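Student: what's the 3D shape of this:
(6 chains, ligands or ions: 6)
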Amino acid sequence: MQTHPKKLLVIIAEAALEKLLIKDARRLGAHGYTVAEVHGGGATGERDADWEGNRSIRMEVICDEAVAQTIAEHVLNSYCKNYSVSMFLADVEVLRPAKF
Amino acid sequence: MQTHPKKLLVIIAEAALEKLLIKDARRLGAHGYTVAEVHGGGATGERDADWEGNRSIRMEVICDEAVAQTIAEHVLNSYCKNYSVSMFLADVEVLRPAKF
Amino acid sequence: MQTHPKKLLVIIAEAALEKLLIKDARRLGAHGYTVAEVHGGGATGERDADWEGNRSIRMEVICDEAVAQTIAEHVLNSYCKNYSVSMFLADVEVLRPAKF
Amino acid sequence: MDPVVLFFLLGAFARLAKSDLRLPEALYETLSIYLLLAIGLKGGVEIAKHSLGAVAPQALAVIAMGALLPLVAFPVLRIFAKLSHADAGNIAAHYGSVSVVTFAVGIAFLTRQQVAYESYFPLFVALLEVPGIVVGILLAKMGRDAMAADAGSSPARAVRWGPLLHEVLLGKSVVLLVGGLIIGWIAGPQGIDPFKGLFFDLFRGVLALFLLEMGLVAAGRIADLKSRWLFMLGFGTLMPICFAVIGIVLGKALGLSVGGMTLLGLLAASASYIAAPTATRIAIPEANPGLSIGLALGVTFPFNITLGMPLYHAIAQRLN
Amino acid sequence: MDPVVLFFLLGAFARLAKSDLRLPEALYETLSIYLLLAIGLKGGVEIAKHSLGAVAPQALAVIAMGALLPLVAFPVLRIFAKLSHADAGNIAAHYGSVSVVTFAVGIAFLTRQQVAYESYFPLFVALLEVPGIVVGILLAKMGRDAMAADAGSSPARAVRWGPLLHEVLLGKSVVLLVGGLIIGWIAGPQGIDPFKGLFFDLFRGVLALFLLEMGLVAAGRIADLKSRWLFMLGFGTLMPICFAVIGIVLGKALGLSVGGMTLLGLLAASASYIAAPTATRIAIPEANPGLSIGLALGVTFPFNITLGMPLYHAIAQRLN
Amino acid sequence: MDPVVLFFLLGAFARLAKSDLRLPEALYETLSIYLLLAIGLKGGVEIAKHSLGAVAPQALAVIAMGALLPLVAFPVLRIFAKLSHADAGNIAAHYGSVSVVTFAVGIAFLTRQQVAYESYFPLFVALLEVPGIVVGILLAKMGRDAMAADAGSSPARAVRWGPLLHEVLLGKSVVLLVGGLIIGWIAGPQGIDPFKGLFFDLFRGVLALFLLEMGLVAAGRIADLKSRWLFMLGFGTLMPICFAVIGIVLGKALGLSVGGMTLLGLLAASASYIAAPTATRIAIPEANPGLSIGLALGVTFPFNITLGMPLYHAIAQRLN
Ligand SMILES: Nc1ncnc2c1ncn2[C@@H]1O[C@H](COP(=O)(O)O)[C@@H](O)[C@H]1O
Ligand SMILES: Nc1ncnc2c1ncn2[C@@H]1O[C@H](COP(=O)(O)O)[C@@H](O)[C@H]1O
Ligand SMILES: Nc1ncnc2c1ncn2[C@@H]1O[C@H](COP(=O)(O)O)[C@@H](O)[C@H]1O
Ligand code: NA
Ligand code: NA
Ligand code: NA
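Tutor: Ligands and ions are numbered 1, 2, ... in the order given. Model (predicted):
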């Protein structure tokens, strides 16, 4: 079975950004995304989901390296200044490269 | 502290497949699994969990490379044609190699 | 866009440990953490979240390699004997190295 | 129109207008558990008042109807809509089974119109859940095997009937309906009294809330209509009317009241969206769930609770 | 103090004492959906009893009040608290809009004191949701453009009014309140009767449960006070009193009863914590949400439901 | 058998038959919050009618019973079952504390049988939550230290009593029970009236729903019995009977009514499955939670609500 290298981009952010992030990712070349509801804490304090404004999401996008870079850069420039956002990239392999 | 290389297999799929995927993974050599409820979108449209048939799961299996390959291939052949499924593999390290 | 290598430490554990794990991670140098509610199964049986004692969490910490090692070792020594815990480490890249 | 339907329209409006209104998943599940259990309990208490001997022949006829309906839908879908065996069988399974919430709206309608009906009807709801699904899957599978035989190839992966029957017979809708029936039956009117506050007094309000959610969900299915909207609108309204007539006529033959005839028509016309999708997704992997759910939730459910219900009642009155 | 407030105190105590008591997120959402819908339904039934002609001029005046309140708050925040345009506009948006739960506590208070009020008040709640938010955001944005112009640079990313208006007008609070009003109005007193069990009889109990949760949440916001607690305690109590007087005086001018004056004062004094935070978070990214929520939930909400409410009632009685 | 128990049996059946019926986690939490609060409120209203002076001596005796029960269970577990200090202390903690839902079923039973009981009993439930847990943990720890001393090694990681006491005293069950008691007590019968719709009228129905869930959970624990089923069935039924007798005798000594004696016996016999597991999991890491929960939820809870309750009532009647 042959595998193909792709990038996994993970964005942890305020739930308020979900719709925007999905739209941006699609626009910048992502073929799909997966979102989990999470809670957490970081530099801007605890985000423990105790009410609506305090919810966080973890969004995963599998895509080509170039797309991942574009999305990451866009998120960095558009949201990281004013919103609670964490991001990381990882190398992954997929079986159906055309899908992602 | 010594670490040992393993594979992480992540399967994002319709919630209807959960029981089957767990059974298959166990049968093909996985020692365990972890499942999160997620929502997302891809080639087959948005799966926004608004009713039962629209739920998705994200299943994680840490295992040997060979087991990961076997499970991934089995899922590809058995489910990917008729169901919404995304899969990827990643290299990880663990502390207790015998556990996984 | 330049990326910087970091470690991702993932700890899957009984929900009862959440508060302790967060405190420990912070104390040992983590700048933040993200937690998702999960269910799963492993050597100690199925943990299907059907009641309070049966819930599990998946905690993610992005940090320097040394910090990841320290936290992992601490968790191994403090909790792995008596509690259901799985752990793995992965290489990731971030854009803002000072944040993590 | 019963005010309860207004809640459905509100939900549908919110979704179509892209409001951010959403009901939490846990609430959806809770309301559906509540409705199933409450309908079962109510029916069980009523059964306790009747002799089972009188009900048994009717029950058998109702089961037979459930098994026959897919046999009507399947050829229609194969011949007129040119659907694959899998899709035709899948849709037939959905329409062969019933929608409990449609039934609840029907009860609300009759109560409001002060039309009496046989109070043990929840028993029929429970009995109608399963047969249609089984026959629908059987049709999908037979077609598949025939095709495989024609092509000279080995038959497709066989349906595993053991797990499948287990899944439908012990699916949450059957367990809660039948469980409620039995508890209501054992406890009887006095025994059930302390539970009336939750299960009976709040019933209509909870139904309203659930219909709000159903409006959100059903309107979300409209995207599924895109490619084949003409077929879907046609089948999703005409087939129910057809089935309703079958149910009403059977009701008359069984000596049911006008209310009972209307309800049996409505049950026949309704399409399952809890038990059937779950069972068929695994049993008929090749079937397109967008099609069956688009029909059941996006077309037939709204049609039945708005226009269908008064229509079936009018037909029942005329045929009486 | 109304016993309902005791539930709030219990929640606040639990959080401050670091109890592990937490209400599930889905329950929080469910209760808030319930309260919005129930208040809307109740109001709708009452509107059905009145002629809209009589209510319309009052409604217009109430909308105008909602648009004007942020214009009062904004300069106060700019001049005395030296906040940025973004923060001042953001807070003004929160205080220009209303808190539905505060309103519900007010109703409970008046009912207990057997003080009558205009029964169509839920209409005013719905009307007050949006204008204050729009004006607050406008203020934040105008300030921003002015600053950008001063600095000779290009204006900051413009607010996209289309999506924003869509978001506030179709936010869940407006949809449920207005939806409830319309359903209640169409269904009328008889039509709504079957839903009373859920939506009216349980109202106070559900409000109590929601206040328990609000206590947990509000006490969690106290950390936000840390850096500027003097300003926040001052603004979070004095501004509401100020606004309450405006509301009460307007109520008198509109010929409302003492109960109505009190309620209009309370609405003016209350700060939104559902619609406003959602809308402003996207529309005014530079604003610090800790500040606005710390004020609205951590200071003003507890103040209004404990000390504010009786105070406003006393003022209304005196001014009558 | 009370009909409420039928819901438990339905849940247990569904789980054993591998039905896909599941109640959402949020519902489980919501129902348990509701029950704790409702029981507290009811008790508080009743306490308002009594003089605390009369209740105080009984309360002290009840606390003493809670602290003594683990001292009975611990040696039994050490000597007959040859369990480790950790496991014996852990199980003793569970049985020393109480199960609020068992208590609620007991109330339902007595109400149905029209047996009167001291209406301030919820106070005793709250008082019994904590002492047994603390003593159980103390026993586990003393044993551990003794062992460590025997082996000449340093004592195991000490229990941190500060956080532990904080956790049990401010755990959600104590906070909600005591909070409800205080609110009910302050508000009194009139003040609590508007909340009756939710907290009192729905109580039995909610209890039924919760028992459905408990049936699912308890049947899921049966796997835990596998290795030591003989011990677990024996201990899980005989120890409760033993404790019930202690409770009943104490009730008689305190001058309680037959209903009160029965309830005190039932509380003694019941094992905690909310507060105790949470506290001991951190305080006694070496203890096997499968053992304690398998016993408390898998054996003793079902036993108490089916056979135990009538048995204890019969004993109380005889001893009276
Ligand atoms: N080092 C970290 N590891 C994992 N998640 C983090 C980390 N730092 C921040 N996060 C997540 O990102 C969110 C926002 O972080 P921050 O902007 O630093 O407050 C937090 O609530 C966490 O969920
Ligand atoms: N590129 C992607 N990145 C992350 N998740 C994806 C991606 N594509 C698909 N998914 C997930 O896989 C599910 C099914 O995808 P699909 O079969 O393409 O519709 C979606 O609902 C997403 O949750
Ligand atoms: N091989 C594995 N892959 C993924 N998750 C695992 C694996 N093994 C265990 N887990 C997770 O870790 C938890 C505890 O595992 P255990 O201690 O082996 O019972 C399980 O409930 C799973 O959620
Ligand atoms: Na049907
Ligand atoms: Na206001
Ligand atoms: Na006990």
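Student: check contacts around D:L250.
Tutor: With contact set as CB atoms under 8 Å, 6 or more residues apart in numbering or on different chains, D:L250 has these partners: D:61-62, D:65, D:264, D:268. C-betas here are computed from N, CA, C, even on glycine.
Student: low-confidence ranges, the stretch 101-250 of chain D, go.
Tutor: Residue ranges of the stretch 101-250 of chain D with pLDDT under 70: D:144-159.
Student: residue of it nearest ligand 4, please.
Tutor: D:F243 (5.8 Å; CB to the ion).
Student: residues in contact with that residue?
Tutor: D:F243 makes contacts with D:69, D:72-73, D:95, D:265, D:268-269, as judged by CB under 8 Å, 6+ apart.
Student: what about it, which helix or strand?
Tutor: Under the criterion of DSSP states H and E, D:F243 resides in helix D:229-253.
Student: which ones among the contacts of D:F243 are found in helices?
Tutor: Among the contacts of D:F243, the members falling in helices (DSSP state H) are D:69, D:72-73, D:95, D:265, D:268-269.
Student: now pLDDT and neighbour count too, for these, in a markdown table please.
Tutor: Below are these laid out as a markdown table (pLDDT from 0 to 100; neighbours: other CB atoms under 10 Å in any protein chain shown):
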| residue | pLDDT | neighbour count |
| --- | --- | --- |
| D:L69 | 98 | 29 |
| D:V72 | 98 | 17 |
| D:A73 | 98 | 26 |
| D:Y95 | 98 | 32 |
| D:G265 | 98 | 30 |
| D:A268 | 98 | 30 |
| D:A269 | 98 | 31 |
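Student: report the two of those residues separated the most.
Tutor: Spanning the widest gap among the ones in helices among the contacts of D:F243 are D:A73 and D:G265, at 15.7 Å by CB to CB.
Student: residues from chain A in reach of chain C?
Tutor: Within chain A, the residues that sit near chain C (CB under 8 Å from any CB of the partner chain) are A:12, A:36-43, A:56, A:58, A:69, A:72-73, A:76, A:80, A:86-91.
Student: near chain B, which residues of chain D show up?
Tutor: Contacts of chain D with chain B, taken as CB under 8 Å from any CB, map to D:22, D:25, D:28, D:216-217, D:220, D:223, D:273-274, D:277-278, D:281-282, D:285-286, D:289-290, D:293, D:297.
Student: list buried residues within those residues.
Tutor: Buried members of the residues of chain D next to chain B, counted by 16 or more other CB atoms under 10 Å in any protein chain shown: D:22, D:25, D:28, D:216-217, D:220, D:273-274, D:277-278, D:281-282, D:285, D:289-290, D:293, D:297.
Student: can you name the residue of chain D nearest to chain F?
Tutor: Nearest residue of chain D to chain F, counting by CB to the nearest CB: D:L198, 2.3 Å away.
Student: give me every residue that touches the closest residue to that residue other than its chain neighbours.
Tutor: Take D:L198 and drop its neighbours on the chain: the residue closest to it by CB to CB, 6 or more residues apart in numbering or on different chains is F:G205, 2.3 Å away. By CB under 8 Å, 6+ apart, the residues touching F:G205 are D:194-199.
Student: using JSON lines, lay out those together with distance to E:H313 and neighbour count.
Tutor: Below are those laid out as JSON lines (distance: CB to CB, whole Å; neighbours: other CB atoms under 10 Å in any protein chain shown):
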{"residue": "D:P194", "distance to E:H313": "40", "neighbour count": "21"}
{"residue": "D:F195", "distance to E:H313": "41", "neighbour count": "25"}
{"residue": "D:K196", "distance to E:H313": "38", "neighbour count": "19"}
{"residue": "D:G197", "distance to E:H313": "34", "neighbour count": "20"}
{"residue": "D:L198", "distance to E:H313": "36", "neighbour count": "24"}
{"residue": "D:F199", "distance to E:H313": "40", "neighbour count": "25"}
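Student: can you name the two of those residues that sit furthest apart?
Tutor: By the measure CB to CB, D:P194 and D:F199 form the most distant pair in those, at 10.1 Å.
Student: how far does the helix or strand hosting the residue of chain D closest to chain F sit from its chain's centre?
Tutor: Applying DSSP H and E as the criterion places D:L198 in helix D:196-199. Centroid separation between helix D:196-199 and its chain, computed with CA atoms, centre = their mean, to the nearest Å, is 24 Å.
Student: do the same with stretch D:278-294
Tutor: Per CA atoms, centre = their mean, the centroid offset for stretch D:278-294 relative to its chain is 16 Å.
Student: contacts for it?
Tutor: B:14, B:16, B:20, B:45, B:52-53, B:79, B:81-83, D:83-84, D:86-87, D:89-91, D:93-94, D:133, D:136-137, D:140-141, D:144, D:159, D:164, D:167-168, D:171, D:221-222, D:224-225, D:228, D:232, D:273, D:276-277, F:20.
Student: by proximity to chain A, which residue of the stretch 151-300 of chain D wins?
Tutor: For the stretch 151-300 of chain D, CB to the nearest CB, closest residue to chain A: D:G220, 15.5 Å.
Student: I'd say that residue and B:G53 touch.
Tutor: No: using CB atoms under 8 Å, D:G220 is not in contact with B:G53, being 11.3 Å away.
Student: about what we covered before: the residues of chain A next to chain C, buried ones only, as a PyMOL selection?
Tutor: In PyMOL, this line selects whichever of the residues of chain A next to chain C come out buried by 16+ other CB under 10 Å:
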select buried, chain A and resi 12+36+37+38+39+40+41+42+56+58+69+72+80+86+87+88+89+90+91
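Student: got the residues of chain A near chain B?
Tutor: Within chain A, the positions near chain B by CB under 8 Å from any CB are A:1, A:3, A:6, A:8, A:22, A:31-36, A:62, A:90-96, A:99-100.
Student: now, of those residues, which are buried?
Tutor: Among the residues of chain A next to chain B, those scoring as buried are A:3, A:6, A:8, A:22, A:31-36, A:62, A:90-95, A:99-100 (criterion: 16+ other CB under 10 Å).
Student: sorry, back to before: can you lay out the contacts of D:F243 as CSV showing distance to chain E?
Tutor: Output for those, formatted as CSV (distance: CB to the nearest CB, whole Å):
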residue, distance to chain E
D:L69, 31
D:V72, 35
D:A73, 34
D:Y95, 29
D:G265, 23
D:A268, 26
D:A269, 24
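Student: if I pick the spatially closest residue to D:V217 that is not a sequence neighbour, what's in contact with it?
Tutor: Once flanking residues are discounted, D:V217 sits nearest to B:W51: 4.7 Å by CB to CB, 6+ apart. B:W51 is in contact with D:28, D:217, D:273, D:297, counting by CB under 8 Å, 6+ apart.
Student: can the strand or helix carrying D:L177 be said to contact chain F?
Tutor: According to DSSP H and E, D:L177 maps onto helix D:172-192. Yes: counting by CB under 8 Å from any CB, chain F is contacted by helix D:172-192 at D:172, D:175-176, D:179, D:182-183, D:186-187, D:191-192.
Student: packing partners for that helix?
Tutor: Contacts defined by 3 or more CB pairs under 8 Å, 6 or more residues apart in numbering or on different chains; DSSP states H and E place helix D:172-192 against helix D:25-47, helix D:121-129, helix F:3-16.
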